[in-house]
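> structure, please.
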Amino acid sequence: MSVEHDNPSGSQGDLESLAAHIKTWGQELGFDEVGIADTGLADSEAGLAAWLEAGFHGQMDYMYKHGVKRSRPDALLPGTRRVISARMSYLPDAEGSLEVLGDPGKAYVSRYALGRDYHKVLRARLQKLADRINGVVPHIHRVFVDSAPVMEVALAEKAGLGWRGKHSLLLSRRAGSFFFLGEIYTDLPLPVDSPVDDHCGKCTSCIEVCPTGAIVAPYRVDARRCISYLTIELKGAIPEEFRPLIGNRIYGCDDCQLVCPWNRFARHSDEPDFSPRHGLDSAELAVVFAWTEKEFLEFTAGSPIYRIGYERWLRNIAVALGNAPRVPVVIGALESRINDSLPLVREHVTWALRQHHVLPAEGTV
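Purely as a prediction, here's the structure:
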């Protein structure tokens, strides 16, 4: 295959052939779908600016510190003309999500985090795809998997992989939303794919089910209220107003996806790296609360959970135990850490024991 790299108008047939090959190669590497987008994100840039101005990013300072690099791909990688966007389903064969959520003595972990770190899985596959393209025509490129200032949903939407749902995640008619996204920035002037129509219609299930009311309007999420933000991104104490609403969700939240009608079409992944590890798809709260720091580091090595650290892990579980039934195993687990060496843990354990009326309410004798 011959592609005139510097002359996009003189080799359109070759470029179209290359684009078709890229999509086939992507599927051979385990991606469910691959699309190609241009770099025009003016509308998304305006939306991001308004979202940041409203303060909806909370402590996620990285959302603005890179300036326009997030919304202008060629500012992040000079020379970028196109973005190759790929999606890979991750829903594991695990204990039923609704069953775990319905058992307040168990720990709910967002389904994407039950296995090994998806960053490494997708990055390796995308790099192989970029290298294969490079074997046909050398190109300036860079691979991204949620690891740099990239507007992955906006780019995937432009690439025709789906539409942005009212919960702000990408939705596909063929696959719902339980999938990861990754990108290859390239200077190849490949033909682009057409966006698909929005198929949310009048449905507002995701908005109505959100435990904390984080979806403040269709397509607009206040991260400061989101359980995923509160249990993963937030570094300090979880605001008390949200603690009872978190239920037994100790890492992330999938509620808005679980109720989405389009997730009837979500497919289970056969990728071994996405399979549950250490029984985290249905673990008992008291059991994971008893992990030592050494055990936490061992059991979460290579997992997305690893990055929140031991202190926030215990913080999250203490909140869930405060929402659990008042039974001896729950009270015993909490009392075992009432004098924990970590102040953040002690604070949340104290709150949890007050929820169970084991300790007097704050401000009373």
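> hey, where'd the strands end up in the stretch 201-350 of the chain?
215-217, 220-221, 249-251 (DSSP state E, counting those that start in this stretch).
> per-residue confidence averaged over the last one?
Predicted confidence along strand 249-251 averages 98 (mean pLDDT).
> what about the host helix or strand of Trp25, distance to the chain center?
Using DSSP states H and E, Trp25 sits within helix 12-28. Taking C-alpha atoms, centre = their mean, to the nearest Å, one finds helix 12-28 lying 28 Å from the centre of the chain it belongs to.
> list the helices and strands it packs on?
Using 3 or more C-beta pairs under 8 Å, 6 or more residues apart in numbering; DSSP states H and E, the elements in contact with helix 12-28 are strand 33-37, strand 82-89, helix 118-136. C-beta coordinates here come from the backbone N, C-alpha and C atoms, glycine included.
> now do the buried residues in stretch 303-320.
303-306, 308, 310-320 (16 or more other C-beta atoms under 10 Å).
> same question, stretch 265-279
Ala266, Ser269, Glu271, Phe274, Pro276, Arg277.
> residues in contact with the closest residue to Leu342 other than its chain neighbours?
Leaving aside its chain neighbours, Leu342 sits nearest to Glu311 (4.9 Å; criterion: C-beta to C-beta, 6 or more residues apart in numbering). By C-beta atoms under 8 Å, 6 or more residues apart in numbering, Glu311 lies in contact with Leu342, Leu344, Val345.
> want to throw the residues you listed into CSV with neighbour count and distance to Arg111?
Below are the contacts of Glu311 laid out as CSV (neighbours: other C-beta atoms under 10 Å; distance: C-beta to C-beta, whole Å):
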residue, neighbour count, distance to Arg111
Leu342, 16, 28
Leu344, 17, 26
Val345, 22, 26
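> need these in JSON lines (columns: distance to Lys65 and pLDDT).
Below are these laid out as JSON lines (distance: C-beta to C-beta, whole Å; pLDDT from 0 to 100):
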{"residue": "Leu342", "distance to Lys65": "28", "pLDDT": "97"}
{"residue": "Leu344", "distance to Lys65": "25", "pLDDT": "98"}
{"residue": "Val345", "distance to Lys65": "30", "pLDDT": "98"}
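> quick one: the residue nearest to His348 when sequence neighbours are not counted from Leu280, how far?
The shortest distance from His348 to any non-neighbouring residue, by C-beta to C-beta, 6+ apart, is to Ala318 (3.8 Å). Computed as C-beta to C-beta, to the nearest Å, the Ala318 to Leu280 distance reads 17 Å.
> coming back round to it: so which of the buried residues of stretch 303-320 belong to helices?
Tyr310, Glu311, Arg312, Trp313, Leu314, Arg315, Asn316, Ile317, Ala318, Val319, Ala320 (DSSP state H).
> the first one and Glu293 touch, don't they?
Which is Tyr310. Yes: counting by C-beta atoms under 8 Å, Glu293 is a contact partner of Tyr310 at 4.6 Å.
> which residue packs closest to Ala350, ignoring adjacent ones?
Quick fix: residue 350 is Thr, not Ala. Of all residues not flanking Thr350 in the chain, Leu359 sits nearest, at 6.3 Å (C-beta to C-beta, 6+ apart).
> model confidence for the one you found, exactly?
89.
> surely it meets Val349?
No: taking contacts as C-beta under 8 Å, Leu359 lies outside contact range of Val349: 9.5 Å.
> those two: who's more crowded?
The neighbour comparison of Leu359 against Val349 (other C-beta atoms under 10 Å) goes to Val349, with 28 against 17.
> quick one: residues contacting the more buried one.
Neighbour list for Val349: Ala318, Leu334, Arg337, Ile338, Asp340 [criterion: C-beta under 8 Å, 6+ apart].
> out of these, which are buried?
Taking 16+ other C-beta under 10 Å as the criterion, what is buried in the contacts of Val349 is Ala318, Leu334, Arg337, Asp340.
> which ones are touching the last one?
This points to Asp340. Applying C-beta under 8 Å, 6+ apart, the residues near Asp340 are Leu314, Arg346, Val349.
> dead centre of this structure: give me the residue that sits there.
Residue closest to the mean C-alpha point of the chain, counted by C-alpha atoms, centre = their mean, is Tyr112 at 7.1 Å.
> A helix includes it, no?
Yes: under DSSP: H, G, I helix; E, B strand; the rest coil, Tyr112 sits within a helix.
> and it, how far is that from His139?
According to C-beta to C-beta, Tyr112 and His139 sit 30 Å apart.
> kindly report the same for Glu284.
Note on Glu284: its distance to His139, by C-beta to C-beta, is 51 Å.
> low-confidence stretches in this protein?
Scanning the chain for pLDDT under 70 picks out the ranges 1-11, 363-365.
> again, only using 80
1-13, 361-365 (pLDDT under 80).
> residue contacts, the residue nearest to His348?
So Ala318 contacts Phe289, Leu334, Arg337, Val345, His348, Val349, Trp351, Ala352 (C-beta under 8 Å, 6+ apart).
> which of the residues you listed fall within helices?
Of the contacts of Ala318, the ones assigned to helices by DSSP H are Phe289, Leu334, Val345, His348, Val349, Trp351, Ala352.
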